[in-house]
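J.: next input, structure requested:
(one chain, ligands or ions: 3)
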Amino acid sequence: MKDVSKLILEDGAVQDRRIYWDQDIYEQELEQIFARAWQFLAHEGQIPNAGDFLTTRMGEDNVIVARQPDGTIKAFINSCPHRGNVVCHADTGNAKAFTCAYHGWAFGLDGALATVPLEHDAYYDAIERPRYAMHPVAKVESYKGLVFGTFDARAPSLRDYLGDMAWYMDTFLDVPGGIELLGPPMKSILNCNWKVPVENFIADGYHVGWAHAAALKAIESPLSPLAGNQAYDVNTGLQVATRGGHGFGVIWDAAAAIHPEGGAFRDWLAKRTPIIRERLGEWRSRFYNGHWDASIFPNCSFLYGTNTWKLWLPMGPHNIEVWTWTLVEKDMPAELKQMMVATNMMTFGTAGMLETDDGENMEQCTGSNRGWVTRRGKLYSGMGQVREGRHPELPGIIGKGIVCETSNRGFYRRWAELMSGRSWEEVAREPRSAPNREVA
Ligand code: UNU
Ligand code: FES
Ligand code: FE
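T.: Ligands and ions are numbered 1, 2, ... in the order given. Model prediction:
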C-alpha cells in the first residue's frame, strides 16, 4: 500500500494534486474508501414492494438492491458467479428472480443461487449451490428512509457512521410523512475526479457569486445580488464539518431562493416551520428555512432548498457518472413537487444552468493535473481556518459564514484517515475536537 501520509497537510487545508490524477491513488481509494465506507444506495420509497429492485454502483462495483418478501432490503454484486456475466440489465423493476442471460443460472431476490440448468445431467448434482450465491453487500441499513450499503462487515453502524450529520439531516428527513427522491435520475458524464464535485457541494460557498454570476442574474432570484460578489454577505449562514468527513454550509432564509417560481415553496415552508420547530427545536427550524450545500462522505451530495440529490460515481481517476434526483417532502402537493423537479432540471440537471457552470470548472480542475510538473504542486483550502471553532448548541466544527472551507478540511481529514488503511477502531480512537474557540 502506498504511503499517503504526505498527501493531505495542515489539518486538511493542503492537498497534493496527485490525489486528483494518479491511477495508483485511485486504486487505493477503491480499496480503502469504496470497499469500506457506507455508500448511498436508494431511498426506500424507490423500492416499496417485495420484488422491487434497482441497480446502482458502489465504487465501480455494480450492485442490485432488492426488497425482500419480509420487507427488508438486501444488496449484492450484479455479476454472475459462474462466468461473470452481468445478470440484471434493468435500471429498476420488479422481479421474482434474476436470471443470467449467458447459461441461465437463476438467483433469488436474496442473491442465492436457485436454479442451475442441466444441474443433474451436466454437474452430476455435485455443485455446492450455497458457494455460488451472488456476492453480498456486507451490510445494508436505512436512516429515516435513506438506504446505504457497505462491503465491510466491520464497518460501524450506519447511524454511527453518519454521526452528527444525522442530527442536521433530521431537519428535512424527520418531517411528517418523510421525503421522496423523485426520479428516474438524470444521468450524465463529467471528466473530473470524483472528489472535485464532493468539495464543491460540501463547502464551496465561495464560488456561488462568481461562477454562477450569469445564472443568478438570469434566474432573477433573491440571490441575484450575489452575482459577481457585488453584494455577498459572507457572514450569512455558517459551515459545519461533522466527524466522519460529512459536512455542509447553509445560507439562512434562502431555501426557496433559486426557484424562479418560489412562491408556493415559500408558502409551504411557512406552513411547515411551526411543525418542524415543535418536533426538532429552534435550530433545526432555522436550518429548515436555509439553503444547504452538503456532502455525505464519500460521494453523495445534495442541495437542500434547490433540492437536488446527487451521486458522483467514480469511473476511473478522471471520470465520473453523475446521477441526479429531486428531493421532495412526501406531503407536498403534486404541483409543488412538479415545480421542484422543474427547477432542479433547470439548475442542476444534466444541462442545468448551474450544473454546466460547475461542470466546466470541475473538469478543468482535474484535467490541468495532466501536466507532470503541475501535478507535483499543491492546492489550498485554508479559508476560515483561523476562525472556526465550537458552538454552544451545534455539534461538529463550525465555520463562520457560508464563504469558508471548514467542511472541505473535514472531508480531507477523513479521506486521509481511511486512505492510511487504519481500521475503523483506530480511526474512531482519534476524535478531532473543534479548536477551543467559540463561534457564535
Ligand atoms: O452552487 C451552489 N452550490 C449553490 C448555488 C449554492 C447555493 C445557492 C446557489
Ligand atoms: Fe451466468 Fe453463465 S455467466 S450463467
Ligand atoms: Fe455550483
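J.: gap between Ile397 and Ala241?
T.: Taking CB to CB, to the nearest Å as the measure, Ile397 falls 4 Å from Ala241. For glycine as for every other residue, the C-beta is placed from the backbone atoms N, C-alpha and C.
J.: cool, and Asn62?
T.: Asn62 is 32 Å from Ala241, by CB to CB.
J.: the two: which is more packed in?
T.: Ala241 (31 against 15; other CB atoms under 10 Å).
J.: which secondary structure element is home to that one?
T.: Here Ala241, judged by DSSP states H and E, is contained in strand 238-242.
J.: equivalent analysis for Thr366, please.
T.: Residue-wise, Thr366 maps onto helix 353-367 under DSSP H and E.
J.: next structured bit after that helix?
T.: strand 378-380.
J.: quick check, central residue of the chain?
T.: Nearest residue to the geometric centre of the chain (CA atoms, centre = their mean): Cys300, 0.7 Å.
J.: contacts only, for that one.
T.: Going by CB atoms under 8 Å, 6 or more residues apart in numbering, Cys300 touches Gln39, Phe40, Trp309, Lys310, Leu311, Trp312.
J.: what does Tyr304 give?
T.: Thr171, Phe172, Ala255, Gly290, His291, Trp292, Ala294, Leu327.
J.: any idea how far it lies from Val137?
T.: The value you get for Tyr304 to Val137, if CB to CB is used, is 27 Å.
J.: next one: His259
T.: His259 is 36 Å from Val137, by CB to CB.
J.: which two from the contacts of Tyr304 end up farthest apart in space?
T.: For these, the maximum inter-member distance is 14.5 Å, found between Gly290 and Leu327 (CB to CB).
J.: domain parsing for this structure?
T.: What automatic domain parsing lists as the domains of the chain is 39-141, 165-428.
J.: tell me which of those domains lies nearest to ligand 2.
T.: domain 39-141 (3.1 Å; CB to the nearest ligand atom).
J.: that closest one vs ligand 2: in contact?
T.: Yes. Using CB under 6 Å from any ligand atom, we find that domain 39-141 touches ligand 2 at Cys80, His82, Arg83, Gly84, Asn85, Cys100, Tyr102, His103, Gly104, Trp105.
J.: just the buried ones from these?
T.: Among the residues of domain 39-141 next to ligand 2, those that count as buried by neighbour count (16 or more other CB atoms under 10 Å) are Cys80, His82, Cys100, Trp105.
J.: let me have these in CSV, extended by secondary structure and pLDDT.
T.: Output for those, formatted as CSV (DSSP: H, G, I helix; E, B strand; the rest coil; pLDDT from 0 to 100):
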residue, secondary structure, pLDDT
Cys80, coil, 98
His82, coil, 98
Cys100, coil, 98
Trp105, coil, 98
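J.: quick one: which of the residues you listed is nearest ligand 1?
T.: The closest of these, once distances to ligand 1 are taken by CB to the nearest ligand atom, is Cys80, at 40.7 Å.
J.: pull up the pairing partners for the longest strand anywhere in the chain, direction included.
T.: Secondary structure of the chain per DSSP state E: the longest strand is strand 179-190. For strand 179-190, the paired strands and their directions (DSSP bridges) are strand 320-329 (antiparallel).
J.: next, the angle helix 353-367 makes with the strand it pairs with.
T.: 150 degrees (axes from the mean of the first three to the mean of the last three CA atoms, to 10 degrees).
J.: write out the residues of the chain neighbouring ligand 2.
T.: Going by CB under 6 Å from any ligand atom, the residues of the chain near ligand 2 are Cys80, His82, Arg83, Gly84, Asn85, Cys100, Tyr102, His103, Gly104, Trp105.
J.: contact partners for the first one?
T.: Contact analysis of Cys80 by CB under 8 Å, 6+ apart lists Val86, Val87, Cys100, Tyr102, Trp105, Met134.
J.: buried ones in the helix or strand hosting Trp283?
T.: For Trp283, the enclosing helix or strand under DSSP H and E is helix 282-288. Under the neighbour-count criterion of 16+ other CB under 10 Å, helix 282-288 has Arg284, Ser285, Arg286, Phe287, Tyr288 buried.
J.: ok, and the closest non-adjacent residue to the second one?
T.: So the one you mean is Ser285. Closest residue in space to Ser285, ignoring its immediate chain neighbours: Arg277 at 3.8 Å, by CB to CB, 6 or more residues apart in numbering.
J.: how about Leu173?
T.: Lys144 (4.0 Å).
J.: what's the end-to-end length of stretch 205-222?
T.: Distance between the two ends of stretch 205-222: 16 Å, counting by CA to CA, to the nearest Å.
J.: identify the residues contacting that stretch?
T.: Taking CB under 8 Å, 6+ apart as the rule, stretch 205-222 contacts 200, 223-224, 226-230, 232, 234, 237, 239, 249, 251, 254, 257-260, 262, 293, 347, 353-354, 357-358, 361, 383, 401-405.
J.: mind checking which of those are buried?
T.: Looks like these have 200, 223-224, 226-227, 232, 234, 237, 239, 249, 251, 254, 257-259, 262, 293, 347, 353-354, 357-358, 361, 383, 401-405 buried, using 16+ other CB under 10 Å.
J.: which ones among those residues come in contact with ligand 1?
T.: Leu223, Ile258, Asp293, Leu354.
J.: looking at those, which are in helices?
T.: Using DSSP state H to define helices, the subset of these located there is Leu354.
J.: now intersect the ones next to ligand 1 among the buried ones among the contacts of stretch 205-222 with the strands, please.
T.: Per DSSP E, the subset of these in strands is Asp293.
J.: and the ones next to ligand 1 among the buried ones among the contacts of stretch 205-222, which is closest to Ala334?
T.: Using CB to CB, those come closest to Ala334 at Ile258, 21.5 Å.
J.: so what's the closest one up against?
T.: Counting by CB under 8 Å, 6+ apart, Ile258 touches Leu216, Ile219, Ser221, Leu223, His291, Gly305, Thr306, Thr343, Thr347, Leu354.
J.: and those residues as JSON lines, adding distance to Asn49, pLDDT and secondary structure?
T.: Shown next, in JSON lines, are these (distance: CB to CB, whole Å; pLDDT from 0 to 100; DSSP: H, G, I helix; E, B strand; the rest coil):
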{"residue": "Leu216", "distance to Asn49": "42", "pLDDT": "93", "secondary structure": "helix"}
{"residue": "Ile219", "distance to Asn49": "39", "pLDDT": "89", "secondary structure": "helix"}
{"residue": "Ser221", "distance to Asn49": "39", "pLDDT": "85", "secondary structure": "coil"}
{"residue": "Leu223", "distance to Asn49": "41", "pLDDT": "89", "secondary structure": "coil"}
{"residue": "His291", "distance to Asn49": "35", "pLDDT": "97", "secondary structure": "strand"}
{"residue": "Gly305", "distance to Asn49": "31", "pLDDT": "98", "secondary structure": "coil"}
{"residue": "Thr306", "distance to Asn49": "30", "pLDDT": "96", "secondary structure": "coil"}
{"residue": "Thr343", "distance to Asn49": "30", "pLDDT": "96", "secondary structure": "helix"}
{"residue": "Thr347", "distance to Asn49": "32", "pLDDT": "97", "secondary structure": "helix"}
{"residue": "Leu354", "distance to Asn49": "36", "pLDDT": "97", "secondary structure": "helix"}
